[in-house]
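A.B. asks: Any chance you can model this:
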Amino acid sequence: LGGSARYTGAPYYAAMASLQVGADLAYVFCAQEAAMAIKCYSPELMVAPVYNAAEFDEQVASNPDSKEAEQLVDEMVEAVTSSMANLHVLVVGP
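C.D. replies: Below is the predicted model of the structure:
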């Protein structure tokens, strides 16, 4: 889970490392702004944009304890955890 419009490398490299050590399929949960770039890096990656980095940063910076910030986090967690049944391994990258 990671990435932004400017930073797409860490999620990509973490996923590619999992493929290099034998995973058959790698899902990348990332920011919407990073999804297209990561998809273009490799057709072997399943890319799932699960949050909007700009919106998340704005909400958290303005008021991290707000209902809106909490709702964004809940939506992100739901998007990722709903896919967990399909995963055999979870790589937590940089």
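A.B. asks: List the buried residues in the lowest-mean-pLDDT helix or strand in the chain.
C.D. replies: Lowest by mean pLDDT, DSSP states H and E among the helices and strands of the chain is helix 53-62, with a mean of 84. Within helix 53-62, the residues that count as buried by 16 or more other CB atoms under 10 Å are 53, 56, 59. Any C-beta I mention is one placed from the backbone N, CA and C, and that applies to glycine too.
A.B. asks: Among those residues, which one sits closest to Met46?
C.D. replies: Of all the buried residues of helix 53-62, Met46 sits closest to Ala53, with 19.5 Å by CB to CB.
A.B. asks: What lies in contact with the biggest helix by length in the chain?
C.D. replies: If you go by DSSP state H, the chain has its longest helix at helix 67-81. Contacts of helix 67-81 with the rest of the structure, by CB atoms under 8 Å, 6 or more residues apart in numbering, involve 1, 29, 48, 50-51, 55-56, 59-60, 63.
A.B. asks: Wasn't Asp24 part of a helix?
C.D. replies: No: checked against DSSP: H, G, I helix; E, B strand; the rest coil, Asp24 lies outside a helix; its state is coil.
A.B. asks: For it, report the pLDDT, please.
C.D. replies: Asp24 carries a pLDDT value of 87.
A.B. asks: roughly how far apart are it and Ala53?
C.D. replies: Using CB to CB, to the nearest Å, Asp24 is found at 29 Å from Ala53.
A.B. asks: and what of Met36?
C.D. replies: 13 Å.
A.B. asks: Likewise for Gly9?
C.D. replies: 15 Å.
A.B. asks: for the protein, which spans come out with low pLDDT?
C.D. replies: Low-confidence segments of the chain (pLDDT under 70): 92-94.
A.B. asks: Between the buried residues of helix 53-62, which sits nearest Met84?
C.D. replies: Using CB to CB, these come closest to Met84 at Phe56, 20.8 Å.
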